[in-house]
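> predicted model, plus sequence, below.
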Amino acid sequence: MRRLPSANLPVFLALLFIAEPLTQSSPWAALWTAPCILFASVVITWGAESAQFFLAQGFALAILAFMQTLPEFGVEAVLAWKQQTSLLLANLTGALRLLTGLAWPMIYVTAAVVHRRKTKQPLRTIKLDRPQSVEVVGLFFPLVYALFIWWKASVHLFDGGILISIYLGYLFLLSKLPPQEKEAIEDLETVPRAIVLAPRRWRILAISACFVTGGCLIYFAAEPFLGSLIALATAVGIPTFLVIQWLAPVISEFPELLSTFYFARQEENASIALMNIASSNINQWTLLFAMLPIVFSLSRHSISAIPLDPEQQGELLLTIGQSMVGLIFLINMEFDWWEALTMFVLFAAQFVHPSAKLWITWAFLLWTAFAVIRILVSRRLPAALVSFVETCRSLTTRV
């Protein structure tokens with residue numbers, strides 16, 4: 001089910017720029033700000049899921065993925081505008097690792113349980129469709145560029161321009177894809193299905209209301225939400241970086257995890273759930289990453305680079321390594337049971353043994369290096385590249 005960006009973000013950022021400086025709120029403020037962020041994520045997802053039936057088909061998945069990650073944009077925009085450079089990568093890396101390390105295994109487990117109930121047989125792999133190679137290959141380029149950003153330990157405006165260009169290229173290919181047969185109104189949840197089936201006037205009003213309501217909630221709740229997290233971290237003695245890295249993404253990404261769980265319950269849509277998460281990863285590696293130096297420079301009224309300290313570099317490299325291994329797992333256009341297990345174990349290990357992050361990072365990087373060497377030695381193109389080339393050729397033929 002293919003579902004990408006709207007004009008809401010620039011408006012949101014414009015409003016954000018007149019906000020007061022980031023202050024530390026009471027820890028109790030999390031009791032109202034967290035539900036606001038959560039509800040905003042849900043209603044925005046309803047609007048995006050409904051709107052995707054009335055937009056160009058190729059943009060559908062990307063629209064849903066972008067709108068689902070809008071709360072992440074809100075949190076990062078506040079941090080960048082307030083020049084909280086030490087915390088900028090906290091929410092970004094946490095959200096990306098959560099999506100790959102937890103959401104992908106969750107999708108497999110859900111599909112496997114449904115498959116066993118239906119067939120009494122285990123589900124050993126989730127197979128991707130040929131057009132979905134665009135998402136797989138699309139993840140490669142921002143990861144390579146993120147590695148360059150890690151190496152130079154800074155994020156500049158020109159980095160943002162390149163990342164946006166990568167995303168636009170990805171978007172262009174998506175826009176050329178034909179409709180997917182799996183897409184159906186019946187696959188929607190109750191609220192978006194009711195919106196889609198409503199008369200045109202009420203449908204437009206409902207979709208607009210979802211976006212406006214969600215955007216307003218994020219605008220008014222994002223800053224006090226961050227302030228309450230900082231206060232909470234101070235009160236319990238936990239590093240602020242860790243609280244923003246994990247607690248904020250868990251709240252803002254919950255509706256997206258719920259949405260992918262819904263798709264995964266329909267076993268034939270398990271690959272769609274995987275690609276929804278992959279598309280969200282691409283959004284965050286490109287548009288969200290690109291937004292940081294833009295907002296940061298605007299807040300300083302001058303072209304400014306964001307420096308990355310050693311801790312941020314380490315978190316970024318770990319996140320890049322995890323995403324690269326995830327890409328390696330999908331490059332054969334399949335997602336096997338042992339790959340889902342590996343992703344979850346390595347994701348969970350960083351919580352059980354936080355001191356093992358360096359070893360986990362090396363494990364990801366060595367795994368990636370071994371996979372690349374094996375591909376080069378075999379002299380055979382991976383299935384994702386073959387499918388990507390065939391997809392591009394078919395698009396050229398259609399044109």
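Yep, it's here. Predicted model, so just to flag it, every value in this text is computed and none were measured.
> remind me which residues of the stretch 251-399 of the chain are low pLDDT?
Low-confidence segments of the stretch 251-399 of the chain (pLDDT under 70): 255-256, 258-259, 262-263, 267, 397-399.
> just checking, residue 44 touches residue 70?
Yes. In this structure, residue 44 sits in contact with residue 70. The criterion is C-beta atoms under 8 Å, and the distance is 5.7 Å. Quick note: C-beta positions are derived from backbone N, CA and C, even for glycine.
> and the gap between residue 88 and residue 217?
Separation of residue 88 from residue 217 (C-beta to C-beta, to the nearest Å) stands at 23 Å.
> mutual contacts of residue 44 and residue 70, please.
Residues touching both residue 44 and residue 70 (C-beta atoms under 8 Å, 6 or more residues apart in numbering): 214-215.
> okay, buried residues for the strand or helix carrying residue 233 please.
Under the assignment given by DSSP states H and E, the secondary-structure element containing residue 233 is helix 200-236. Of the residues in helix 200-236, those with enough neighbours to count as buried (16 or more other C-beta atoms under 10 Å) are 203, 206-207, 210-211, 213-215, 217-219, 221-233.
> ok, then the element right after it?
Scanning the chain past helix 200-236 towards its C-terminal end, the next helix or strand to appear is helix 240-265 (assignment: DSSP H and E).
> report the angle between that following helix and helix 200-236.
Angular relation of helix 240-265 and helix 200-236 on a 0 to 180 degree scale: 140 degrees, by axes from the mean of the first three to the mean of the last three C-alpha atoms, to 10 degrees.
> correct me, but residue 283 touches residue 167?
Yes. The pair residue 283 and residue 167 passes the contact test of C-beta under 8 Å, sitting 7.5 Å apart.
> by contact count, what packs against the helix holding residue 233?
Using 3 or more C-beta pairs under 8 Å, 6 or more residues apart in numbering; DSSP states H and E as the contact definition, the elements that helix 200-236 packs against are helix 8-16, helix 30-51, helix 70-81, helix 190-197, helix 240-265.
> how far off centre is it?
In this view, helix 200-236 has its centroid 18 Å away from the chain centroid, taken as C-alpha atoms, centre = their mean, to the nearest Å.
> what about the closest residue to residue 367 other than its chain neighbours, how many neighbours?
Beyond its immediate neighbours in the sequence, the residue positioned closest to residue 367 (C-beta to C-beta, 6 or more residues apart in numbering) is residue 325, lying 5.3 Å away. Burial measure for residue 325: 23 neighbouring residues, criterion other C-beta atoms under 10 Å.
> dump the residue contacts of residue 325.
Residues near residue 325 by C-beta under 8 Å, 6+ apart: 342-343, 346, 364, 367-368.
> for it, what is the enclosing helix or strand?
helix 310-330.
> buried set for the helix or strand just after that helix?
Counting by DSSP H and E, the element after helix 310-330 in chain order, helix or strand, is strand 334-336. Neighbour-count burial for strand 334-336, with 16+ other C-beta under 10 Å as criterion, is recorded at 334-335.
> contacts for strand 334-336, please.
Around strand 334-336, the neighbours that count as contacts under C-beta under 8 Å, 6+ apart are 104, 108, 124-128, 274, 329, 383.
> just the ones of the residues you listed in strands?
125-127 (DSSP state E).
> just the buried residues of those residues.
For those, a neighbour count by 16+ other C-beta under 10 Å gives the buried set as 125-126.
> which strand or helix spans residue 369?
Element membership of residue 369 [criterion: DSSP H and E] is helix 357-378.
> I misspoke; the intended subject was residue 141.
Per DSSP H and E, the secondary structure element for residue 141 is helix 133-152.
> relative to helix 310-330, how tilted is that helix?
Angular relation of helix 133-152 and helix 310-330 on a 0 to 180 degree scale: 150 degrees, by the same axes, to 10 degrees.
> buried sites along helix 133-152?
133-143, 145-146, 149-150.
> what's the answer for stretch 311-322, then?
By neighbour count with 16+ other C-beta under 10 Å, stretch 311-322 contains the buried residues 312, 314-322.
> go ahead and name everything in contact with that stretch.
In this structure, residues lying in contact with stretch 311-322 by C-beta under 8 Å, 6+ apart are 86, 88-90, 92-93, 96-97, 100-101, 143, 146-147, 149-150, 153, 241, 245, 308, 343, 346-347, 350, 357-358, 360-361, 363-365, 368.
> could I get it in CSV with only the CA atoms?
Extracted C-alpha coordinates of stretch 311-322, given in CSV (Å, rounded to 0.1, in the frame of the first residue of the first chain):
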residue,chain,number,x,y,z
GLU,A,311,29.3,10.8,21.8
GLN,A,312,27.1,11.9,18.9
GLN,A,313,29.5,10.4,16.4
GLY,A,314,29.3,7.1,18.2
GLU,A,315,25.5,7.1,18.2
LEU,A,316,25.4,8.1,14.6
LEU,A,317,27.9,5.3,13.5
LEU,A,318,25.9,2.7,15.5
THR,A,319,22.7,3.8,13.8
ILE,A,320,24.3,3.8,10.4
GLY,A,321,25.7,0.3,11.0
GLN,A,322,22.3,-1.0,12.1
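> mind checking how far it is from the chain centre?
Taking C-alpha atoms, centre = their mean, the mean C-alpha location of stretch 311-322 is offset from the chain mean by 16 Å.
> please apply the same query to stretch 142-150.
On C-alpha atoms, centre = their mean, the centre of stretch 142-150 falls 16 Å from the chain's centre.
> which one of the contacts of residue 325 is nearest residue 36?
For the contacts of residue 325, the minimum distance to residue 36 (C-beta to C-beta) is 31.1 Å, reached by residue 343.
> that's a helix at the closest one, yeah?
Yes. Under DSSP: H, G, I helix; E, B strand; the rest coil, residue 343 falls within a helix.
> OK, contacts around it?
Shown in contact with residue 343 (C-beta under 8 Å, 6+ apart): 100-101, 104-105, 322, 325-326, 329.
> now do 6 Å
Taking C-beta atoms under 6 Å, 6 or more residues apart in numbering as the contact definition, residue 343 lies against 101, 104-105.
> residues contacting stretch 286-294, please?
Stretch 286-294 has contacts (C-beta under 6 Å, 6+ apart) with 73, 80, 88, 142, 155-157, 160, 163-164, 166-167, 306.
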